[in-house]
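# Mind folding the following:
(chains A, B and C)
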Amino acid sequence: MVKKPLEITLIGILTLFILLPFIPLVIWSFTKHWPWPLLMPENWTIESWTYLFSISGRAFEGILNSFIVAAIALLGNIVLGIPAARALAQNEFIGKNIVFSILLAPLFIPYTISIIGMHDFALRLDFLNDYVSTAIAHILVTLPYFVATIWFQYRLMGKKLNEAASILGANEWKIFLWIEFPLLVPSFLLGSFLVLVVSYSQYLPTWIMSGGTLLTLPLVIFPYANSGNSSIVSAYSLLFFAPILLLLIIYFLLLRINNRKNTNESR
Amino acid sequence: MKKSRCINSILIMLILFLSACTSDNKNETKPIDKNILTSDWKGIKDNARGTKVNFFMWGGDEGINKYIDEWVAPRLKEKYNVELKRYPMDATEFINKLMTEKKANKTSGEMDVLWINGENFKIAKQEGLLLGPFTEKLPNFQNYVDTESDDIKYDFGFPIEGYEAPWGKVQFVFAYDSSKMTNPPKSISELKDWVKKNPGKFTYPAPPDFTGSAFVRHVLHYQTENYKAFLNDYDEALIDNEDDKVWKVLNEMKPYLWREGKSYPQSIAQLKQLYKNGEVWMTMGYDEANASNLIKSGEFPDTTRTFVFDKGTLANSHFLAIPYNAPNANGALVLIDYLLSPEAQLKKMDLEYWGETMSLSVDKLSDEDKKVMESIDRGKATLSQDELSNHRIPEIGAEYVQWLERGWIENVGKK
Amino acid sequence: MHLDQVTIKIHQDSIINSLSLSIHPGEIFVLMGPSGSGKTTLLKGIAGLLSLTSGRISWENGIGTTGLVFQEPRLFPHLTVLENIAFGLRVQGVATKERRLQAGNFLKSLQLENLGNRYPHQLSGGQQQRVSLGRALILNPDLLLLDEPFASLDTSLREDLISWLYQLQRRLGFSILWVTHYIDEALSIADRIGIIFEGKLQQIGNPSEIFQQPDSEKIAHFLSLPNRFSKQQWQNWFQRDLPLPQTLNRGWIDSNHLQIIDEESQLPSNGIKEGLYSIISGFIMKVKPNREGYTLTIQSNSETLEVSTIGWSKVPALQESIKIKIMFEHIYWYSE
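Residues are numbered from 1 along each chain as shown, chains lettered A, B, ... in the order given. Model (predicted):
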C-alpha cells in the first residue's frame, strides 16, 4: 500500500517527538562537560559507559536482578491474574464488584498510602527471600494492569466458544488450553509487556520490601539521580530504556507471529 | 460447581493476603552476640574470616564507589578473607530503616557498617540504634588517630564515646572560574560587594539543602561575635540576639543573586550544573577536593580554583558506625579497622578515587607513609593541607543548624 | 432418547416444567414455540450445558451422545476448517494423523473439499454452518440438537442446506431434535412436531396433525392458521345450532376450502348430493398474489376471512362485492 504524504509526515513528526529527548541523553552520556551555549561538547569520553559496566556501576547486576524480579512477578500475575480475570468475566457472583474493586485498587489508591502499608508488610514477609518478597509487592502493583487486559479480552470472547467446545467434550482445562488461551494471546502479550515494564520501573516497592538490598536497576540508578553528574545519569537512563525498547520489539514480533499464524493462507 | 470453587479459592487467597497484613508475626532470628565487644582482636579477625559484610553508604559519587568496590573490597578479601558488599543508601534512609527494625524488635538486620555523621549519628545513638562503644577495639584507631582531639571526640557538638570511628575529614570550600574572575572574595562582606558588582553570577542552594545550610552557617560565623556559644547546648536566648544580623546580610545580597533571588537552586547538584553551564561563576561544596575531581573528569572547566575565607570555613569529620543488629559485627569491625589503616587512608587521599583528607593524625604516621602522603597529587584546584587546616571553623550544634534552616525559609526564602 | 419429567430452573425461574418426551432413533423431531418458551434451554439441558433441576434423561442403549449446533456457527477462529472438524476427536485423544484423516474424509460429505486448510473467516456463511454441523457430526452423535441452525442464512441457501442435511440424516440414521420457527422448514423435514409453550409441550404429532388439527386456540394462533372463529360465529353464519360436542368451541377452515361464488355460477347443481353449507357475503379488502393465484382478505360484517383462489383467470377487484361458500365438513373443530 502506498502511504499518503501527510501520513508519512505525521509519523515522522511523531517519531521525532519520541526520539528528541533521547538525543541529549546520548550526547551527555559521552561527555563530562557540555556547557550551555555550546551546540556540541568539546571533549568526548566513554568513561561513563565504562563506569556503568564496571564493578561499581553494577549495570549487569541491576539488569539481572530486575529481570529475575519481573519474571517472578509475571509468573505470579499469570497464576493469579488469568483465573481472576476469567472468573470476573465469565461468572456472576455476589460481591463481584467488590472483588473487582480490590483487584484494581492499586491503580486508584494514592501511592503513598499503599507504601505506608507496605512497610509493615515488608517486616512480616521478612522470612521470605528478597526476590520473592519484592516480587510479591510488584505483583500487587502490576496485577491490575494484567487482570484488566485479560478481563477485557475475555469479555470480548464471551462464553459462546466455550459452550461449543464443551459440547464437543472438552473439559475446562482443555477449553482453556486449546480455545481460550490461543485467543487470549494478543492481550496476554500486552498484559505481560505491561507487567514486565511496570515491575521493571518500580523503585519504592523494591526498596521497601528488600530493605534497599535488592539492587534492581532503579535502585542502582537512584543514588546518582541527585548527584548532579549528568553524564552518568544520562548513561544510566539510556541503559534503563534499552530493556524496555527490547521488550517492545519482542512484544511486536510475538504479536506479529501470532497474527500471521491466524491469518496465513489468506489470499 | 467447578467455577464457584475457583472463585472461592481466589477469595480465600485475597482474604489470607489481607489478613497477613494485619496478623502478628514474631521474628525468630537470633540476637547478635554482645560478647563481640569483649573478645580480643585476634578472635574478632578469626570470626570474621569467610564472612560477608554489608556496607551501607551514600552512593552518588563514582569515585567513592570505585574506591570501595575496586580498591578496598579486593584487598579486604585478600587480607582478611572478608567479602565486602556496598549498598547505596542515604543516611536518613538507613536510620529510618533501623528505627522501624528496632520498633519491630528485629534482632538481626541487614546492615553491618554505616557511613554517618552529625544529626543522623545523634539520633541513632540516642535511640540506641548503634553497637558500641567499639573504637578502642580497633588497632588502627589506637595507633594512628589523635584520640584526644575535639573533632574525634565530638560530632557536631555531640559526644561520640566510641560509637563511631572517624573515616575522613572534609572542609567547606568555594570554587570559582579563574578565567572569569581574579581575586575571589575573602569574607562575607567582600562576597556581598562582589555580588553587587556582578549581578546574577552568584547563588547558593536553598536550605535545608546540606550545602546551602552550611553556607548560611558561614554568614552566622561572620556576623556573630560569640560563635563559640553556638557550639554548646541549645539556648533560645542566644538565637534572639543573633538571627536578624544573619537575615539582613542575606537579604541585602538577594536582589543581585542568580534570577534576582526569586528562585534558588534546590540542591548542590543544581548549583554545580549552573556553574558548569557558566550561568554562575562560583560554586561551593563541603569537599575540598571535589573541584579537582571534577576538573579531572572534565565536568568543571580547567580554570576552576578553590578558596577559603580569611576567617575560615567549616570543617567536619565523617564516621563509620555499626548498627545494634548488625548480622556480622566481627566483619564490620575488621572492615572499619582496615578503612582506618594508613594504606587505605592514603589511597583515599589520591585524586584517582576520592581525594579526601584523611582522618589519621599525620604526626602518628611512619616516615615512609609521610613520604607517600607528600607525593600524593591532590589536584591543581585543591588548596594545600596547611592552608586548609589553618582556616578551619568547627560545626555548631544540630538544633542551631535546624533553627537556621527554618529561619532562612521564613526570613529569606519566603520574602 | 427419553426425557422424563425434566425441570430446569435458572435463578429460581422454571424455564422447563416437568417435560417428558421421547425421540426415536432415526427420527427428526421438530420443536416449535414462541421465543422465550424454553426451546434453547431444553437443548442446552439435553446437551449437558445446563444441569437439570429434576427429572432424567435416558437412552435406548443405556448411554447416548449428543451434538449441538447453534444459530451462529461458533467456529474456533484460530483453527482451520480441518482442525475445527477434528476438535471433538482431539478431545477424545485420537492421534493427530488419524484425526486428520477422518476429518479429511468427512469434508467430502460436507461438500467442503479443498477448504480444509482455510480459516473460518475465509468461508461463506453457509460453509461456516456446514463446518459447524460437521464438527458435531464427526463424533457420530446419537442425537443431533439443532438450535435454529440456518436462521441467519438467506432463503435459498437455507433450503439447500435443509435438503442436504435431510439426505445426510437419512443416510447416517442419527436422530435430530430441531428447533426452528420456520413452518416450511418444519413441514419439509419433520417426522414429528412438538409445540412448546412456557416450558411445557402442548401438542405432539406428525406435521399434518399439527397443522390441521391444533389442540387449542393457542396453538392455532401460534401456527397463524387462517379463518379461526368461535362456534357462536359459525352458528351465526350457518343460522342454526351446529351438532358438536360441548368442548369443541372453535373451528378453523383452510383458505383453500373457501369457495368464491360468482354472480353467474349456479347454486346447488342438480344430481350431486351436497353436505351442509353456508353462503356469506362480503367485499374484498386486500388482494395478495401468491404462486397459485390470489389470497383475498374478505370483510363480512365485523369479521375478516382469508380466501385463496386457484388460477389466474380473473383478477379480483378491491371493494368488489363477493359471496363465499363454506362447507361444514371442511371446518376443523378444536377447543378454546
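# what ranges of the chain fall below the confidence cut-off?
Here I'm looking at chain A. Applying pLDDT under 70 to chain A flags the ranges A:1-3, A:36, A:111-112, A:261-267.
# Chain C, not that one
Residues of chain C meeting the criterion pLDDT under 70: C:262-274, C:311-313.
# Quick check, the residue in it closest to chain B?
residue C:51 (8.6 Å; C-beta to the nearest C-beta). (Each C-beta comes from the backbone N, C-alpha and C, glycine too.)
# and the residue in the stretch 151-300 of chain B positioned nearest to chain A, how far is that from chain C?
Chain A sits closest to residue B:269 of the stretch 151-300 of chain B, with a gap of 2.7 Å, by C-beta to the nearest C-beta. Residue B:269 is 54 Å from chain C, where distance means C-beta to the nearest C-beta, to the nearest Å.
# Tell me the predicted confidence for that residue.
With respect to pLDDT, residue B:269 scores 85.
# Tell me if I'm right that it and residue A:228 touch.
Yes: assessed by C-beta atoms under 8 Å, residue B:269 is found in contact with residue A:228 at 2.7 Å.
# mind giving me the domain split of chain C?
For chain C, the structural domains run C:2-222, C:228-334, going by automatic domain parsing.
# Format these as TSV; extra columns: mean neighbour count and distance to residue B:87.
Compiled in TSV, these are given as follows (neighbours: other C-beta atoms under 10 Å in any protein chain shown; distance: least, C-beta to C-beta, whole Å):
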stretch	mean neighbour count	distance to residue B:87
domain C:2-222	18	49
domain C:228-334	14	92
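# what about residue B:149, how many residues close to it?
Number of residues near residue B:149 (other C-beta atoms under 10 Å in any protein chain shown) recorded here: 12.
# same question, the one 3 residues further on
Counted with other C-beta under 10 Å, the neighbours of residue B:152 add up to 21.
# Quick check: residue A:14 vs residue A:4, distance?
15 Å (C-beta to C-beta, to the nearest Å).
# quick one: the helices in the stretch 151-267 of chain A?
Under the criterion DSSP state H, counting those that start in this stretch, the stretch 151-267 of chain A contains helices at A:160-167, A:172-174, A:181-201, A:204-210, A:217-225, A:230-263.
# hey, which of the ones you listed is tucked in deepest?
Mean neighbour count (mean count of other C-beta atoms under 10 Å in any protein chain shown) peaks for helix A:204-210 among the helices of the stretch 151-267 of chain A, with a mean of 24.
# Chain B contacts on the stretch 101-250 of chain A?
Counting by C-beta under 8 Å from any C-beta of the partner chain, the residues of the stretch 101-250 of chain A close to chain B are A:102, A:117, A:119-121, A:123-124, A:126, A:172, A:211-213, A:215, A:219-220, A:222-224, A:226-232.
# Residue A:130: what's it in contact with?
Neighbouring residues of residue A:130 by C-beta atoms under 8 Å, 6 or more residues apart in numbering or on different chains: A:209-211, A:213-214.
# ok, now with 10 Å
By C-beta atoms under 10 Å, 6 or more residues apart in numbering or on different chains, residue A:130 lies in contact with A:65, A:69, A:206, A:209-211, A:213-215, B:110.
# Between the residues you listed, which sits nearest residue C:226?
Residue C:226 lies nearest to residue A:69 out of the contacts of residue A:130, by C-beta to C-beta, at 76.8 Å.
# before we move on, back to that, can I get the helices of the stretch 151-267 of chain A in CSV including distance to residue C:67?
Listed next are these as CSV, based on distance: least, C-beta to C-beta, whole Å:
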stretch, distance to residue C:67
helix A:160-167, 7
helix A:172-174, 17
helix A:181-201, 22
helix A:204-210, 52
helix A:217-225, 55
helix A:230-263, 26
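# wait, which of these is closest to residue B:73?
The nearest among those, by C-beta to C-beta, is helix A:217-225 at 16.7 Å.
# between that closest one and helix A:230-263, how many degrees?
Computed by axes from the mean of the first three to the mean of the last three C-alpha atoms, to 10 degrees, the angle separating helix A:217-225 from helix A:230-263 equals 150 degrees.
# Packing partners of helix A:217-225?
helix A:47-52, helix A:59-90, helix A:181-201, helix A:204-210, helix A:230-263, helix B:62-66, strand B:83-88 (3 or more C-beta pairs under 10 Å, 6 or more residues apart in numbering or on different chains; DSSP states H and E).
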